[in-house]
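**Q** quick one: sequence plus predicted model below, questions after.
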Amino acid sequence: MFLLKYFMFSKKINCPVPFDQQPLNEYFLLKESFLFSWSVSHKNTFISGLFVLFIVLFFLFAIFISIFISVSNFSKFLLLNLLFSNLFIFVLFIRLYLGWSYVVKRLMSSTVFYEESGWYDGQVWIKTSDYLIQDRLVGIYQVMPCIVRIKYSCLSIFFNCLLIYLFVSIF
C-alpha cells in the first residue's frame, strides 16, 4: 500500500501540471485532511463520528441557547437545540459534498486546467490515456461512493431539519 501510494503521490515526468494541482494528488491531499478523511472512513466509524459530533454540538448549542435566547418551555428549548445542531451538521455536509465533487470533477475530466505561476496565466492540459484511465478509476471507485454517502446523509439531515422546524413552529 505504501509503495502504491508513493508511486501515485510522486511527481509525474510527462505531466506539465504542478504537483499540487494534479487531480490525483488533490484527491490524496483531501483524503488525508482531518474533516474529509472522516467522510471516507469505514461505515461504522462514519456513523459513530457523526453521533459524537451531534452530541458535542447538542451540548454546545444548549449552552448557547440558554445564554442568548430566552425560551419559555423545555420542549421548545429542546427542539431549538436539535434544529441548530442539525443545521450545523447540514452545512458541514454541504462543505464535504462541494469538496469531493470538485475533486471528482477534475478526476473524471479529460482536460485539466492549471495555473503555472498565478491566476493570469492558466493553461489546459489534455490527459494522456494512462492518466485518464487511472484518474477515472479512482473517481468512480474511491470518490463516488463517498459522494453518494454524503448525499444521502445530507438529505436525511435536511428532512430532519424540516421536521424539527415544523415542530418548533407548532409549539
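**A** Sure, I can see it. Residues are numbered from 1 along each chain as shown.
**Q** what segments of this protein are strands?
**A** Secondary structure of the chain (DSSP state E): strands at 111-115, 122-126.
**Q** most tightly packed of those strands?
**A** Highest mean neighbour count among these (mean count of other C-beta atoms under 10 Å): strand 111-115, with a mean of 15. Heads up, the C-betas are built off the backbone N, CA and C, glycines and all.
**Q** that older thread, would you list the strands of the chain in CSV and tack on distance to Leu155 and mean pLDDT?
**A** Shown next, in CSV, are the strands of the chain (distance: least, C-beta to C-beta, whole Å; pLDDT from 0 to 100):
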stretch, distance to Leu155, mean pLDDT
strand 111-115, 31, 91
strand 122-126, 35, 89
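**Q** including distance to Ile65, could these go into CSV?
**A** Shown next, in CSV, are the strands of the chain (distance: least, C-beta to C-beta, whole Å):
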stretch, distance to Ile65
strand 111-115, 45
strand 122-126, 47
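**Q** Met108 against Arg136, yeah?
**A** Yes. Under the criterion of C-beta atoms under 8 Å, Met108 makes contact with Arg136 at 5.8 Å.
**Q** returning to that earlier point: and of the strands of the chain, who's closest to Asp20?
**A** Closest approach to Asp20 among these (C-beta to C-beta): strand 111-115, 9.4 Å.
**Q** what's the closest one packed up against?
**A** Contact partners of strand 111-115 among helices and strands, from 3 or more C-beta pairs under 8 Å, 6 or more residues apart in numbering; DSSP states H and E: strand 122-126.
**Q** distance from the strand it packs on to the middle of the chain?
**A** Distance of strand 122-126 from its chain centroid, counting by C-alpha atoms, centre = their mean, to the nearest Å, is 26 Å.
**Q** likewise for stretch 91-100?
**A** Centre-to-centre, stretch 91-100 and its host chain are 4 Å apart (C-alpha atoms, centre = their mean).
**Q** what residues sit buried inside it?
**A** Of the residues in stretch 91-100, those with enough neighbours to count as buried (16 or more other C-beta atoms under 10 Å) are Leu92, Phe93, Leu96, Tyr97, Gly99, Trp100.
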